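A.B. asks: just the structure for this:
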Amino acid sequence: MPTIVSTATCSTEFCDWKLSPGGLPIKGNNRVLINGGAGVMRKRGLITPLGVTTIVTLAELDFLKTHQQFNDMVTMGYLKVVADKKLDGDAVSKDMNNRDPASPLMPQDFVDRPAPKNMATAQAELPPGSKPEKIKA
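C.D. replies: Coordinates of the predicted model:
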């Protein structure tokens, strides 16, 4: 059975859509959940997997290959289809995109700008030309 390795932070459900009798879009019969959680700390430990694996059937893989969003995530490097079901997700994910916009912030994310000295005046301390961010109290 094929395995899908994901470096995405969140799980993603890929499904087909159809119209209800009232004309509203509803989920169809084809649904495949690809596990996420790469780079996210787990409840019972500090080890964060860099690649999370999901085993799918051949029928599910055939459906996924026709799904535009799945193909986009493969192209961007967040998902990879591997034929071997006994594999290490961390080893496979080394050549994949390992940071998506929803991933937790890491110390390396703050290298470009210094930390504000005072959170109350953090907006005034931004370098010229940088985009201000909303600060939650």
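
A.B. asks: so where's the protein shaky on pLDDT?
C.D. replies: For the chain, the stretches flagged by pLDDT under 70 are 45-47, 84-86, 105-137.

A.B. asks: strands of that one, residue ranges please.
C.D. replies: Listed in chain order, the strands of the chain (DSSP state E) span 3-6, 12-19, 25-34, 52-55, 79-82.

A.B. asks: residues in a beta bridge with F14, which ones?
C.D. replies: Beta-bridge partners for F14, by DSSP bridges, are V32.

A.B. asks: and the gap between it and S6?
C.D. replies: 12 Å (Cβ to Cβ, to the nearest Å). Using the backbone N, CA and C atoms, a C-beta is placed for each residue, glycine as well.

A.B. asks: and those two? which has more neighbours close in?
C.D. replies: When neighbours are counted by other Cβ atoms under 10 Å, S6 comes out ahead of the other of F14 and S6, with 26 against 19.

A.B. asks: ok now do the nearest residue to that one once chain neighbours are set aside, which residues does it touch?
C.D. replies: Excluding its sequence neighbours, the residue lying closest to S6 (Cβ to Cβ, 6 or more residues apart in numbering) is V52, at 4.9 Å. Applying Cβ atoms under 8 Å, 6 or more residues apart in numbering to V52 gives the contacts V5, S6, T7, A8, N35, G36, G37, A38, G89.

A.B. asks: from these, pick the one nearest M96.
C.D. replies: For these, the closest approach to M96 (Cβ to Cβ) belongs to T7, at 4.9 Å.

A.B. asks: list the contacts for the residue lying closest to W17 once chain neighbours are set aside?
C.D. replies: Nearest non-adjacent residue to W17, counting by Cβ to Cβ, 6+ apart: P25, 4.9 Å away. By Cβ under 8 Å, 6+ apart, P25 lies in contact with W17, K18, L19.
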